[in-house]
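Novice: below are the sequence and a predicted model; questions follow.
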Amino acid sequence: MTGIIRAALLQIARSRGILAATLTAVLIAGGLPLILQPPGHGADGAPAAVLTQATIRTAQLALITAASLVGGTQFRDGHHGTAVLAVPRRGRLLTAQGIAAAVWAVPAATITSVTAVVLTHALGAPAMADADETPGASLLGPGASVASAVTMYLLLMMVLAWGLALLLRRAWASAAALCTLCAVVPVLSMMIPAIGVLPGGAGVALLSHHPAEIPGGHPWWLVMWAVAGVAAGSVAMIRRDVDGG
């Protein structure tokens, strides 16, 4: 198992697309707050919670793309066929790839979220003392940090992207579908609240200071989508033939 995990990690490390998308997310987290609110505006500028949400909603697009590449790149150029020949038990192969993906995803999501939260709270207007003004506070429990809530949101979106890429066997299809939902669902959900349970709206209460006002915003909706995506992708990967898709 160790050798399979090492090979999967090496494949991730060698992918320029994954590296570029991950670095883009970190650069967005570090640069977008400075663009939205240059230093010096302080109390007269936008609230920190608003800056955090805007920054993470943008940075997540890059991480979704990276996670889609992690799940879908193996199906290009015969990589998946070679891996299956080396490890005929696809459940074992899938487990190793999942572990390798997690080793990459956790630091990527954490660095992105911490960078965004530190900068947006340094540049944004001071938050109100009310605990409800802290993104994710009422959902993760008293004292939960903003960075923890944001990291959880990013990881769930990345898990969903990875699972969808396994299902579709196309990294670009997974990235395009989820990025489109992230752009469209928040807008449409204001007119049709029920749409808010779809990815792009699900779980965004982790980024909001008014979680009760967001249809489908509770993290359990996003957890459900992430689990469903990984389950569907895993079944597809185990049952399909090596050369299919």
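Specialist: The structure has been received and is ready for your questions.

Novice: could you say what helices and strands the helix ranked longest in the chain packs with?
Specialist: The longest helix of the chain (DSSP state H) is helix 90-123. Counting contacts by 3 or more C-beta pairs under 8 Å, 6 or more residues apart in numbering; DSSP states H and E, helix 90-123 packs against helix 2-14, helix 16-36, helix 48-72, helix 79-86, helix 146-168, helix 219-239. In this view, the C-beta of every residue, glycine as well, is placed from N, C-alpha and C.

Novice: quick one, what contacts the nearest residue to Ala228 once chain neighbours are set aside?
Specialist: Among residues not flanking Ala228 along the chain, Gly163 sits closest, at 7.8 Å (C-beta to C-beta, 6 or more residues apart in numbering). Residues in contact with Gly163 (C-beta atoms under 8 Å, 6 or more residues apart in numbering) are 71, 226, 228-234.

Novice: how does it look with 6 Å?
Specialist: If you count contacts by C-beta atoms under 6 Å, 6 or more residues apart in numbering, Gly163 has them with 229-230, 233.

Novice: now the helix or strand where Pro186 lies: buried residues?
Specialist: Assigned by DSSP states H and E, Pro186 falls within helix 171-188. Within helix 171-188, the residues scored as buried using 16 or more other C-beta atoms under 10 Å are 171, 174-175, 177-179, 181-182, 185-186, 188.

Novice: burial of the nearest residue in space to Gly233 that is not next to it in sequence, as a residue count?
Specialist: Among residues not flanking Gly233 along the chain, Leu166 sits closest, at 2.9 Å (C-beta to C-beta, 6+ apart). Residues near Leu166, counting by other C-beta atoms under 10 Å, number 28.

Novice: I figured Leu166 hits Ile238, correct?
Specialist: No - counting by C-beta atoms under 6 Å, Ile238 is not a contact partner of Leu166; they are 9.8 Å apart.

Novice: quick one, the helix holding Pro186 and helix 146-168 angle?
Specialist: Orientation check (axes from the mean of the first three to the mean of the last three C-alpha atoms, to 10 degrees): helix 171-188 against helix 146-168 gives 130 degrees.

Novice: dump helix 171-188 to CSV, restricted to CA.
Specialist: Taking C-alpha atoms only, helix 171-188 is exported to CSV below (Å, rounded to 0.1, in the frame of the first residue of the first chain):
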residue,chain,number,x,y,z
ALA,A,171,-11.0,16.6,-15.1
TRP,A,172,-12.2,19.5,-17.3
ALA,A,173,-15.8,18.2,-17.1
SER,A,174,-15.7,18.1,-13.3
ALA,A,175,-14.1,21.5,-12.9
ALA,A,176,-16.4,23.1,-15.5
ALA,A,177,-19.5,21.7,-13.8
LEU,A,178,-18.7,22.7,-10.3
CYS,A,179,-17.2,26.1,-11.2
THR,A,180,-20.4,26.9,-13.1
LEU,A,181,-22.5,25.9,-10.2
CYS,A,182,-20.4,28.0,-7.9
ALA,A,183,-21.0,31.0,-10.1
VAL,A,184,-24.7,30.4,-10.9
VAL,A,185,-26.3,28.9,-7.8
PRO,A,186,-25.6,31.9,-5.4
VAL,A,187,-27.4,34.2,-7.8
LEU,A,188,-30.3,31.9,-8.7
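
Novice: got the contact list for it?
Specialist: Helix 171-188 has contacts (C-beta under 6 Å, 6+ apart) with 61, 64-65, 68-69, 72-73, 161, 164-165, 168, 195, 198-201.

Novice: so how far is Val227 from Leu51?
Specialist: Separation of Leu51 from Val227 (C-beta to C-beta, to the nearest Å): 31 Å.

Novice: give me the more crowded residue out of the two.
Specialist: Leu51 (24 against 14).

Novice: please consider this matter closed, and thank you.
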